[in-house]
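> The amino acid sequence is not available; the structure is as follows:
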């Protein structure tokens with residue numbers, strides 16, 4: 001038999017407490033030994049990985065600390081930076097009296113053979129799919145838009161600048177002083193700008209047709225491509241080029257001119273809340289200048305809203321690295337986030353049209369901000385082109401090297417892609433500056449004589465006057481639709497006192513551009529036409545090769561119709577424009593919203609949509625049609641404003 005166990009010793013409360021403390025300390029010691037044992041059991045690789053991760057976390061923490069310090073320093077320096085943003089000149093449209101304010105006018109509602117010419121259109125890029133549609137058919141981004149509008153309402157109610165709109169008033173949010181106050185504190189500029197906007201009367205029936213077309217196009221953009229660059233109306237999706245809401249910005253001033261208050265207000269809210277230029281993306285200097293910079297500047301002048309001037313100055317500053325070349329001829333592309341500018345991968349050339357068709361916008365940006373760097377950069381380019389040899393009676397080659405500053409591919413002369421707007425901007429810079437720079441108009445007049453001498457011919461059998469191309473002494477009877485800007489430019493020059501015989505050429509070329517539309521089954525012009533120059537039976541004047549039969553909804557024909565009507569007051573030009581609008585509606589309109597470029601203008605039964613609505617359809621084509629149909633010839637009159645090559649109106653300067 002085993003003896004019974006000894007009785008348990010008696011412990012009081014204090015001894016229990018001490019015992020618990022002793023066990024606790026022993027437990028900690030055991031845990032420490034256990035952790036160390038586990039650490040020693042790890043392989044050397046495992047221990048190194050853990051140590052590396054710990055070091056990486058410590059480094060991230062240190063970098064975050066430095067970033068926070070820089071952020072707070074930037075906040076402390078903000079007043080000085082904001083002072084630099086203040087423009088020297090107020091918008092050309094002064095603010096009306098407050099008592100005319102009608103808040104109820106603005107209800108709070110939520111809403112690529114030439115694969116692509118360099119001017120007017122991006123290269124073919126990968127397309128992102130549309131947003132997933134919910135069960136009720138509504139797009140997810142629509143909810144985001146309404147949320148944005150709701151979140152912005154409080155700010156919109158507290159920060160206000162009064163803006164005139166056809167007798168009504170909007171009160172958008174503003175984070176800066178009123179433009180008029182900024183002007184009072186600035187020095188007197190060398191030039192002033194007159195008002196470019198006058199209150200129009202009610203739209204007539206044809207103008208209402210343009211408004212309806214715009215709203216249909218906007219419906220598709222708003223529903224399927226909101227905040228993206230371009231609408232793909234057939235697939236109900238979108239494409240990106242710069243990722244900067246290109247169509248929306250290009251259409252801002254069109255909405256204002258057409259009186260679309262609600263659409264403008266919503267688009268303005270997107271610009272205020274979503275448009276951010278601090279992003280790692282390459283943009284084409286020329287295309288982004290005429291569309292984005294030009295669009296923001298013209299909208300500022302029409303509305304008086306300083307938001308658009310602030311955005312324009314920010315964007316202009318981000319484009320300036322393009323000019324940091326040995327020759328001062330700008331690179332074609334610039335990253336607006338990093339400031340890295342470069343030529344295309346396949347060449348060190350820029351096109352002449354690119355580098356000589358950004359002057360209107362940069363000069364105006366300097367005039368508004370008082371910062372001369374923008375104007376000096378582009379005028380250096382203009383003076384350099386003027387001084388170069390290699391021209392042919394005022395005609396220029398298509399390419400220029402950014403390193404040497406010399407023309408390349410000499411002996412090829414065209415008024416089509418890569419050279420067209422060089423000639424346009426010679427005239428328009430002269431007009432913009434108050435007709436003071438005789439060098440500009442002399443170069444323009446010499447170029448027109450060069451066109452007459454080397455590029456002008458007549459077709460058979462209809463004797464249509466057209467502008468061809470010259471390549472090393474050989475003439476080609478090829479004319480891009482882009483050349484249809486020329487009759488309008490000639491008419492504009494005549495309006496401003498240039499030789500009257502330019503008007504005869506303008507009318508003849510306008511007839512040709514009209515026939516390039518009329519002789520197609522769809523009534524819409526092909527991208528490129530070839531003209532018959534020989535008397536042969538069963539040959540038409542206008543011939544189109546299969547690769548050139550597409551129509552991109554381009555504006556050049558209706559642009560020139562606008563100028564011809566304004567100068568001659570001949571209503572046949574309005575009738576021609578109305579025919580073209582009806583053809584757009586019949587062959588390019590997509591029922592769900594939007595208009596699509598088409599592949600075959602010679603097949604009215606199967607035009608074959610290309611599923612792309614370029615931003616210039618809203619920014620130019622419909623705008624020029626609306627102005628063409630206006631009964632008021634002073635609506636954005638030719639004596640008060642000049643249109644950039646993307647149809648954005650900018651003021652003509654007058655001496656102070």
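Great, that's in hand. These numbers were taken from a predicted model, which means no experiment stands behind them.

> Now do the closest residue to residue 496 other than its chain neighbours: how many residues are near it, please.
Nearest-residue entry for residue 496: residue 431, 5.7 Å, with adjacent residues in sequence omitted and distances by CB to CB, 6 or more residues apart in numbering. Yep, even glycine has a C-beta here, placed from its N, CA and C like the rest. Counted with other CB atoms under 10 Å, the burial measure for residue 431 works out to 21 neighbours.

> Check residue 55 too.
Taking other CB under 10 Å as the criterion, the count of residues near residue 55 is 10.

> Show me what the strand or helix carrying the residue nearest to residue 496 is packed up against.
Residue 431 is part of helix 420-432 when elements are defined by DSSP states H and E. In this structure, helix 420-432 makes packing contacts with helix 352-356, helix 359-369, helix 438-454, helix 486-495, strand 641-643, judged by 3 or more CB pairs under 8 Å, 6 or more residues apart in numbering; DSSP states H and E.

> Of the ones you listed, give the one that comes closest to residue 254.
When those are ranked by distance to residue 254, counting by CB to CB, first place goes to strand 641-643 at 12.0 Å.

> where do the helices sit along the stretch 501-650 of the chain?
Secondary structure of the stretch 501-650 of the chain, counting by DSSP state H, counting those that start in this stretch: helices at 501-518, 556-568, 572-587, 615-616, 622-628.

> Rebuild those as CSV, extending it with mean neighbour count.
CSV is the format used below for the helices of the stretch 501-650 of the chain (neighbours: other CB atoms under 10 Å):
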stretch, mean neighbour count
helix 501-518, 21
helix 556-568, 25
helix 572-587, 18
helix 615-616, 26
helix 622-628, 27
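
> could you point out where the stretch 51-200 of the chain is predicted with low confidence?
Under the criterion of pLDDT under 70, the regions of the stretch 51-200 of the chain flagged as low confidence span 64, 66-195.

> Could you report the separation of the closest residue to residue 284 other than its chain neighbours from residue 399?
On the basis of CB to CB, 6+ apart, the spatially nearest residue to residue 284 that is not a chain neighbour turns out to be residue 333, at 5.8 Å. With the distance defined as CB to CB, to the nearest Å, residue 333 ends up 15 Å from residue 399.

> What of residue 533?
With distances defined as CB to CB, the gap from residue 533 to residue 399 amounts to 28 Å.

> These two: which has the busier surroundings?
Looking at residue 533 and residue 399 with other CB under 10 Å, you find the greater number of neighbours at residue 399, namely 21 against 16.

> wait, what's in contact with the more buried one?
347, 349-352, 407-409, 418 (CB atoms under 8 Å, 6 or more residues apart in numbering).

> re the thing from before, and the residue nearest to residue 284, how far from residue 429?
Distance check for residue 333 against residue 429: by CB to CB, it reads 24 Å.

> more neighbours, the two?
Of the pair residue 333 and residue 429, residue 429 is the one with more neighbours under other CB under 10 Å, namely 24 against 21.

> isn't that one right up against residue 357?
No - proximity of residue 429 to residue 357 does not meet the contact threshold set by CB atoms under 8 Å, at 10.0 Å.

> where in the stretch 201-350 of the chain is pLDDT low?
Segments of the stretch 201-350 of the chain classed as low confidence (criterion: pLDDT under 70) are not present in this model.
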